[in-house]
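1. sequence first, then the predicted structure:
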Amino acid sequence: MDEPGYGDFRARREATIWQRLNRVLRVLLTIVIWLVIISLFLPPYQKWRQNRDEIDKLQSQVTEQKTFLAGQTQEVNLLKTDPTYLETIARDRLDLMKEGETIFRLEPKPTVRRDPTDR
């Protein structure tokens, strides 16, 4: 014969277990949903970051090329318009000198590379 309070306690205990399992299941389901969402958006985000880095790298190359082009344009302009500059460059490149002129060339000091294993 069952006591009146024991059956009620057992029913409450079973209900509590099911409630806990339902809560755990909801938490796990929420985690799984978030993981799916993250897994869907992470690869495009990583691709976007890679593309952004590549764009930045290419922008720096464009800036370097624009600077180089400006220097070359200035030199061409000087060669076309400045006879003194043209004469100086021509004599320098052809290793020519005027009568009575002495040329001193300063060569950059050669850099000595050391082997990292030598000490």
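-> Cool, got the structure.

2. quick check, central residue of the chain?
-> Among the residues of the chain, the one closest to the centroid is residue 53, at 4.1 Å (Cα atoms, centre = their mean).

3. for it, give me the pLDDT.
-> Model confidence at residue 53, expressed as pLDDT, equals 96.

4. check which element follows the helix or strand hosting it along the chain.
-> Element membership for residue 53, per DSSP states H and E: helix 4-81. Later in the chain than helix 4-81, the nearest helix or strand by DSSP H and E is helix 83-94.

5. orientation of that next one relative to helix 4-81 in degrees?
-> 100 degrees (axes from the mean of the first three to the mean of the last three Cα atoms, to 10 degrees).

6. what's helix 83-94 packed up against?
-> Packing contacts for helix 83-94, counted by 3 or more Cβ pairs under 8 Å, 6 or more residues apart in numbering; DSSP states H and E, involve helix 4-81. C-betas here are computed from N, CA, C, even on glycine.

7. quick one: distance of the helix it packs on to the chain centre.
-> 16 Å (Cα atoms, centre = their mean, to the nearest Å).

8. so which elements touch it?
-> helix 83-94.

9. which other residues reach the helix it packs on?
-> 78, 79, 96, 97, 98 (Cβ atoms under 8 Å, 6 or more residues apart in numbering).

10. what would those look like in CSV with neighbour count and distance to residue 20?
-> What follows is the contacts of helix 83-94, written out as CSV (neighbours: other Cβ atoms under 10 Å; distance: Cβ to Cβ, whole Å):
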residue, neighbour count, distance to residue 20
78, 14, 85
79, 13, 87
96, 11, 97
97, 11, 98
98, 8, 101
